[in-house]
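K.L.:
give me a model of this one.
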Amino acid sequence: MFSVIKNGFCTKLTSEFDGRFNQLTGIENQLDTYINSLKVDISSATYVPHKLINDFKNDVASNLANMVPSLTQFDELISLVDQCLFTKNNSMLSNPTITARGILNSVKSNADTLLSSLSTSIPSEFSIGKTINDLKGQLKTSNVNLLIPESTQALNCMSAICGTNINSRLAQLQAFLTKFSLSSIGEFDASSFLSGQGVSSYAIKSINAVTNQIESIYTQIESSFTSGIDRLKRLVPDDDE
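P.N.:
Sure thing, here's the model as predicted:
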C-alpha cells in the first residue's frame, strides 16, 4: 500500500502528464495547417537540378549583409531614435534597446522578402522549405521540444515508481509523434515526413538544403540582435529598460 505522500506524488505525476498532453493537443490544429500546406505543395511540386539550389545558396551568401545587420549597425539606432521627434518623446521608443527588440520582426520580414526574390528558380523547394521552417518555428514557440521529453519522463516515473498502467497514455503520445513526424525530443523529422509523402531522395536533399539555408538566416538575425542589444546596453549605460 502506498503512503499518503507517495500516493499524492503519483497522482501529481499523472496530472503533470495530462496537463502537458493537453497542451500538445491544443496546438494540433495549428500543426495540421502546416502539414496540410506541405502536402499540397508536395502534390504539385516540380523539382530542379541541384545546381540551381547551389546558385540560390550563393545568392543568399552574396546578399547576407542585406538581411543580417552587423554589430556596429545597431549604433545607428541611437542616432535615429534621437533624430525622430516621435520616438524621442515616447517613453518606450526613446529607449534604443526596446526599439531594437521592436524592429526584430521587421528585419525578419525584410529577409523573408529578399529570400523569396532570390528563390524564383527553385519555387517548389523554397515553398516547401519555408513551410518546414515555419513549422519548426511553431514547434519551438509552443515549447513542444520541452513538452515531449517531459511527458515521456513523467510516464517513465508513473510506470517505474508508481506501477501505473501507462499503455493508453503512451499510445496517445506516440500517435501524436507519428502524426506530425516528431522525434522523441519533439523535433520535426523533415526527411522522414517527405519520404513518407513519396518525395525522392534527390528532392529531399534539395529541400533540406534550402530549409537549412532559410533557418540559418533567421538564426543569424536573432543572434545579431542578441549581440546588438547587449552592445546598446553598453553604449547607453543609463538606458533603463
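K.L.:
please make it C-alpha for all contacts and neighbour counts, starting now.
P.N.:
Noted.
K.L.:
run through the protein and note the low-pLDDT ranges.
P.N.:
Along the chain, segments meeting pLDDT under 70 span 1, 238-241.
K.L.:
determine which residue lies closest to the centroid of it.
P.N.:
G137 (1.9 Å; C-alpha atoms, centre = their mean).
K.L.:
pull out the buried residues from the helix or strand that one falls within.
P.N.:
Per DSSP states H and E, G137 falls inside helix 123-141. Using 16 or more other C-alpha atoms under 10 Å as the test for burial, helix 123-141 gives 123-136, 138-139.
K.L.:
which residues are in contact with it?
P.N.:
Helix 123-141 is contacted by residues 31, 34, 37-38, 41-42, 45-47, 116, 119, 145, 186-188, 190, 206-208, 210-211, 214-215 when judged by C-alpha atoms under 8 Å, 6 or more residues apart in numbering.
K.L.:
one more pass at 6 Å, please.
P.N.:
A45, I207, V210, T211 (C-alpha atoms under 6 Å, 6 or more residues apart in numbering).
K.L.:
the third one - how many residues pack around it?
P.N.:
Number of residues near V210 (other C-alpha atoms under 10 Å) recorded here: 25.
K.L.:
isn't there a helix covering it?
P.N.:
Yes - membership of V210 in a helix is supported by DSSP: H, G, I helix; E, B strand; the rest coil.
K.L.:
measure it to R169 for me?
P.N.:
Per C-alpha to C-alpha, to the nearest Å, V210 is found 37 Å from R169.
K.L.:
again with the first one
P.N.:
Applying C-alpha to C-alpha, the value for A45 to R169 is 37 Å.
K.L.:
what of the second one?
P.N.:
Between I207 and R169 the distance, using C-alpha to C-alpha, works out to 34 Å.
K.L.:
now do L77 against S181, distance only.
P.N.:
Between L77 and S181 the computed distance is 42 Å (C-alpha to C-alpha).
K.L.:
what about those two, which has more around it?
P.N.:
Shown here are L77 and S181; by other C-alpha under 10 Å, S181 has more neighbours (20 against 17).
K.L.:
which residues does the more buried one contact?
P.N.:
Contacts for S181 were tallied using C-alpha under 6 Å, 6+ apart; they are F188, D189, F193.
K.L.:
okay, now the last one: neighbour count?
P.N.:
For F193, the tally of surrounding residues (other C-alpha under 10 Å) stands at 20.
K.L.:
what do you get for the first one?
P.N.:
Other residues within reach of F188, judged by other C-alpha under 10 Å, total 20.
K.L.:
quick check: bridge partners of it?
P.N.:
L182 (DSSP bridges).
K.L.:
need phi/psi at N95.
P.N.:
Backbone torsions for N95, taken as degrees, to the nearest 10, come to phi -90, psi 110.
K.L.:
what is the burial count for it?
P.N.:
Per other C-alpha under 10 Å, the neighbour tally for N95 reads 23.
K.L.:
how far away is it from S223?
P.N.:
From N95 to S223 the distance is 20 Å (C-alpha to C-alpha).
K.L.:
how about the helices of the chain, start to end?
P.N.:
Counting by DSSP state H, the chain has helices at residues 4-26, 28-43, 50-62, 75-83, 85-88, 96-102, 104-118, 123-141, 144-160, 167-179, 190-196, 201-235.
K.L.:
may I see the ones you listed organised as TSV, with distance to P69 added?
P.N.:
Shown next, in TSV, are the helices of the chain (distance: least, C-alpha to C-alpha, whole Å):
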stretch	distance to P69
helix 4-26	35
helix 28-43	29
helix 50-62	14
helix 75-83	11
helix 85-88	21
helix 96-102	11
helix 104-118	9
helix 123-141	21
helix 144-160	29
helix 167-179	37
helix 190-196	29
helix 201-235	7
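K.L.:
which one of the ones you listed lies closest to V68?
P.N.:
helix 201-235 (5.1 Å; C-alpha to C-alpha).
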